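Asker: After the sequence you'll find the predicted model.
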Amino acid sequence: MATDLPYPTHPTGPAGGALRHAHWWQRKWVRYGALITLLALSGLVILALVREETGTEGFLVGLGLAVLPVPLLIAAFRWLDRVEPGPWRNLLFSFAWGACAAALIAIVANSFATRWIATATADPSGADTLGATVIAPVVEESAKAAAVLLVFLFRRRDFTGIVDGVVIAGVTATGFAFTENILYLGTAFGTDQLTGGSGIASVTAATFFVRIIMSPFAHPLFTVLTGIGFGIAALSGDRQRWRRVLLPLAGLLLAMGMHAMWNGSATFGPYGFFAVYAAIMVPAFGLLTWMVVWTRQRELRTVREELPAYAVAGWLTPGEPFALASMRARRLARQYARRHAGKRAAREVAQYEAYATSLAFLRHRGRRGRAGADFVVRERELLQELWRRREIARPALDHAARVTAPPWPAHGTYGVHGVHGTYGAHGTYGAHGTHGYPAQPAYPGAVPYPAYNPYRS
């Protein structure tokens, strides 16, 4: 039960386990520098390869057309991640890895394998088919999965569940598809330049319709299966190590299988592509979308169930768990803060919401024995972040709670896992105003907590 978990005590010294004399390769700026250099070099090489294949004019046309679905896909994945938004640096890394490193690996490996098969079999046509249906899915999905693996290993605090896996995998695949679409659209434009094709009957128009209009979600759909495997692995306990290995591998194999079926659809007859698209791709896209949205709603339910324990202890006001479990209430809180205290206050409220969500997920894992050894330390860090922002965030969240909550009885009973408390209906919160906010009359059932901080000695 949530109330059985200990609350953090006052920190008496620096966290243990820190490296006092880290080697030069363990320093953060060295790792970041190496990663940025790798991605930059990969980007330059892939840029040169694509421009050599398409020509300068074809490259510019392909770039202009390929960029169109990117903002929509990024916005969709960011929307899914709104409950506990991950840092932008993870998304930037994922997109850059997909667009640069994964694309470079795929181009080099696919070209080498296809040429080797063509030479060994003396059948260039068969080599192209085998390369598209077997080699490309294995190489491309493995290259994209590497980004998910790196975030899973080195940004473990930001990778806590299925939604995180879906977002990282989807953004990585979006970057990969962006580079691949430049190549395909640029090559199609070059073909039209040679043949004189133009208008709706051109190769460029057909390629644009298939890749940008019909199936911009294809690569993200494949790689999301890998992300789901990593996401379920992130929910596994420390003793379930086999799940941490087998589930990501299972997701990767499913991604390769669906990718292979999609690439091989053209070999199923004149209507094979449309049959696979209608019978497999669209239903799979709908099913995965439903599952991810359902998971997001489950995350909000976790927030609503776990945070009241901290309200009972005095860290949160009674209405905050309900406001933080509603995306509409969160938005209203940010708008209220911006209207009364400016943009900086709105950013503080957004950070407060993110830290509170992370706290709820951490406690949820702890109650199920899935939290790491640093549970108490991490809980203390999150509570300190909330406490520093309480004077700005609490009035805004109280306002959002009153606006969005259903009518409460005159004397509400507030209970959390067997801990019950009865609060009066006539309390006030922030009666004299704070940080530019007007005075806050309490919503029914609320009561102001005293300035309680368990960290004070």
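Answerer: Alright, I've got the coordinates.
Asker: residues in contact with the residue positioned nearest the centre of the chain?
Answerer: Among the residues of the chain, Val167 comes closest to the average C-alpha position under CA atoms, centre = their mean, at 3.0 Å. Residues in contact with Val167 (CB atoms under 8 Å, 6 or more residues apart in numbering) are Phe77, Arg78, Leu80, Asp81, Gly86, Leu91, Gly227. C-beta coordinates here come from the backbone N, C-alpha and C atoms, glycine included.
Asker: pLDDT of the helix or strand hosting it, averaged?
Answerer: Secondary structure from DSSP states H and E places Val167 in helix 162-195. For helix 162-195, mean pLDDT rounds to 94.
Asker: For that helix, which residues meet the burial criterion?
Answerer: Buried residues in helix 162-195, counting neighbours by 16 or more other CB atoms under 10 Å, are found at 162-190, 192-193.
Asker: same deal with stretch 279-292?
Answerer: Neighbour-count burial for stretch 279-292 flags Met281, Ala284, Phe285, Leu288, Thr289, Val292 (criterion: 16+ other CB under 10 Å).
Asker: Where does pLDDT dip in the stretch 101-250 of the chain?
Answerer: For the stretch 101-250 of the chain, the stretches with pLDDT under 70 are 237-239.
Asker: go with 90
Answerer: Filtered on pLDDT under 90, the stretch 101-250 of the chain yields the residue ranges 111, 113-133, 154-158, 160-161, 192-202, 234-245.
Asker: now, among the contacts of Val167, which is nearest to Val50?
Answerer: Val50 lies nearest to Leu91 out of the contacts of Val167, by CB to CB, at 22.9 Å.
Asker: what about that closest one, neighbour count?
Answerer: 23 (other CB atoms under 10 Å).
Asker: Confirm that it lies within a helix, as I assumed.
Answerer: Yes. According to DSSP: H, G, I helix; E, B strand; the rest coil, Leu91 belongs to a helix.
Asker: so how far is Ala260 from it?
Answerer: With distances taken as CB to CB, to the nearest Å, Leu91 is found 28 Å from Ala260.
Asker: Who are the contact partners of the nearest residue in space to Ala393 that is not next to it in sequence?
Answerer: In space, and not counting its chain neighbours, Ala393 is closest to Tyr352: 3.7 Å by CB to CB, 6 or more residues apart in numbering. By CB under 8 Å, 6+ apart, the residues touching Tyr352 are Glu385, Leu386, Arg389, Arg390, Ile392, Ala393, Leu397.
Asker: Dihedrals phi and psi, Tyr352?
Answerer: As for Tyr352, its main-chain torsions (degrees, to the nearest 10) stand at phi -60, psi -40.
Asker: What confidence value was assigned to it?
Answerer: 94.
Asker: Could you do Glu57 as well?
Answerer: Reported pLDDT for Glu57: 93.
Asker: Could you tell me which ranges of the stretch 301-450 of the chain sit under the pLDDT cut-off?
Answerer: If you take pLDDT under 90 as the line, the stretch 301-450 of the chain has these spans: 312-314, 318-319, 364-376, 378, 402-450.
Asker: how about the strands in it?
Answerer: With DSSP state E, counting those that start in this stretch applied, the stretch 301-450 of the chain shows strands at 413-416, 419-422, 428-429, 440-441, listed in chain order.
Asker: Quick check: closest non-adjacent residue to Ile107.
Answerer: Once flanking residues are discounted, Ile107 sits nearest to Leu49: 6.0 Å by CB to CB, 6+ apart.
Asker: which parts of the helix or strand containing that neighbour are buried?
Answerer: Assessed by DSSP H and E, Leu49 sits inside helix 28-66. Across helix 28-66, burial judged by 16+ other CB under 10 Å covers 35, 39, 42-43, 45-47, 49-51, 53-55, 58-59, 61-63, 65-66.
Asker: Now the next helix or strand after that helix: buried residues?
Answerer: Downstream of helix 28-66, the next assigned helix or strand under DSSP H and E is helix 69-80. Buried residues in helix 69-80, counted by 16+ other CB under 10 Å: Pro69, Val70, Leu73, Ile74, Ala76, Phe77, Arg78, Leu80.
Asker: And for stretch 193-211?
Answerer: Going by neighbour count (16+ other CB under 10 Å), the buried part of stretch 193-211 is Gln193, Gly197, Ser202, Val203, Thr204, Thr207, Phe208, Arg211.
Asker: Between the two ends of stretch 305-318, how far is it?
Answerer: End-to-end span of stretch 305-318 (CA to CA, to the nearest Å): 12 Å.
Asker: check contacts around Asp164.
Answerer: By CB under 8 Å, 6+ apart, Asp164 lies in contact with Asp81, Glu84, Gly86, Asp158, Gly231, Ala234.
Asker: Neighbour-wise, which one of those residues leads?
Answerer: Per-residue neighbour counts (other CB under 10 Å) across the contacts of Asp164 peak at Gly231, which has 28 neighbours.
Asker: That residue: helix or strand, and which one exactly?
Answerer: For Gly231, the host element (DSSP H and E) is helix 218-234.
Asker: Identify the residue nearest Arg157 in space, chain neighbours excluded?
Answerer: Using CB to CB, 6+ apart and skipping the chain neighbours, the partner closest in space to Arg157 is Arg378 (7.4 Å).
Asker: Within its local environment, how many residues does the one you found see?
Answerer: Arg378 is flanked by 18 other residues according to other CB under 10 Å.
Asker: What separation do you get for Ser94 and Leu150?
Answerer: 9 Å.
Asker: The two: who's more crowded?
Answerer: Using other CB under 10 Å as the criterion, Ser94 and Leu150 rank with Ser94 on top: 28 against 17.
Asker: pretty sure Asn110 is touching Ala136, no?
Answerer: Yes. Look at Asn110 against Ala136 with CB atoms under 8 Å: they come within range, at 5.4 Å.
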